[in-house]
Structures are given as C-alpha cells and as structure tokens.
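Engineer: Next one to model:
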Amino acid sequence: MNRHKQREFVFLLLFENNFTGCSLEELRETKLLAGERLPGDFNDFVVSYFEGILENLTEIDELIEKFSLKWDKNRLSKVALAILRLSVYEMLYRDDIPTNVAINEAVELSKKYGAEKEPTFINGILGGINRNLEQKNG
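Structural biologist: Model prediction:
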C-alpha cells in the first residue's frame, strides 16, 4: 500500500473514530468501517499515525480551531475534521513529510470525500497554520 493509500486509510479510521469513539484495537477487531470491510492493513505507518494523532489531539484541535476562525471543531464536517487532524499532525510531528505534501494530500482527500467547498476551506486553514509555523520557526 503506497503512502497516499495509507493516509487515506488513516483518514477513514479517524472518521470512524470520530463517530464511534472506537480505539484502534476495536477497529482492528471488527475489521469493519461503516459496515464495510476495512480497505487496508494496520501496518506501522497506519498505527503510528492513528496513535500519534490521538495522543496529540488536544494540541491539534486547538490549532485547527484557532485557524478556522469562526468555526469551532464541532461545527466542522466530520470529513473536514478528520482530514485536518491528519494533515496538522504531519505538519507538527512528522519531519519526514514536507508541509506542501501534507497540504496537497489533505486537499486531494477533501476532493474525494468532502463537500464541494471543503477543499478550498481546508487549504485555507492549512495555509494559515503553515504560515504561523514558518513564522515561529523562521
């Protein structure tokens, strides 16, 4: 499974977790996602991303809320929230992933799974976060 497919699988797991609160082990045991068989395997990449995102969820969500301006995380679609969590995790905690790759992957996922205007919305939030991180690290 290539990196794009692995990210997509992590996104789907985060999306399911957002609805059910299921842990990775519970998702692994049921092997179901929204009533369908899981589309990937629980390799090291998938496990480390899912666990890393949940371990850092407070910081990730605070940053998302700060840059989504008038939208708190509860007003965001579940799709957008899962995509943003994945991308912000990569931007903050994965030095091996270039920021532009994290943002591009998020936009592509939102084109596939999100509503019509979500790719632009997600790109705007991630662009703001990226500029902020560059200023801090600059």
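Engineer: how about the helices in the chain?
Structural biologist: Ranges of helices within the chain are 3-20, 24-30, 44-55, 57-67, 78-93, 99-113, 118-137, based on DSSP state H.
Engineer: how about the residue nearest to residue 127 when sequence neighbours are not counted, what does it touch?
Structural biologist: Beyond its immediate neighbours in the sequence, the residue positioned closest to residue 127 (C-beta to C-beta, 6 or more residues apart in numbering) is residue 103, lying 7.1 Å away. To be clear about C-beta, it is placed using only N, CA and C from the backbone, and glycine gets the same treatment. For residue 103, the contact set (C-beta atoms under 8 Å, 6 or more residues apart in numbering) comprises 87, 91, 123, 126, 127, 130.
Engineer: Check the gap between the first one and residue 41 for me.
Structural biologist: Spelled out, that is residue 87. Taken as C-beta to C-beta, to the nearest Å, the spacing of residue 87 relative to residue 41 amounts to 22 Å.
Engineer: out of these two, which sits in the busier spot?
Structural biologist: Neighbours were counted for residue 87 and for residue 41 using other C-beta atoms under 10 Å; residue 87 has more, 31 against 11.
Engineer: how close does the more buried one sit to residue 63?
Structural biologist: Taking C-beta to C-beta as the measure, residue 87 and residue 63 are separated by 11 Å.
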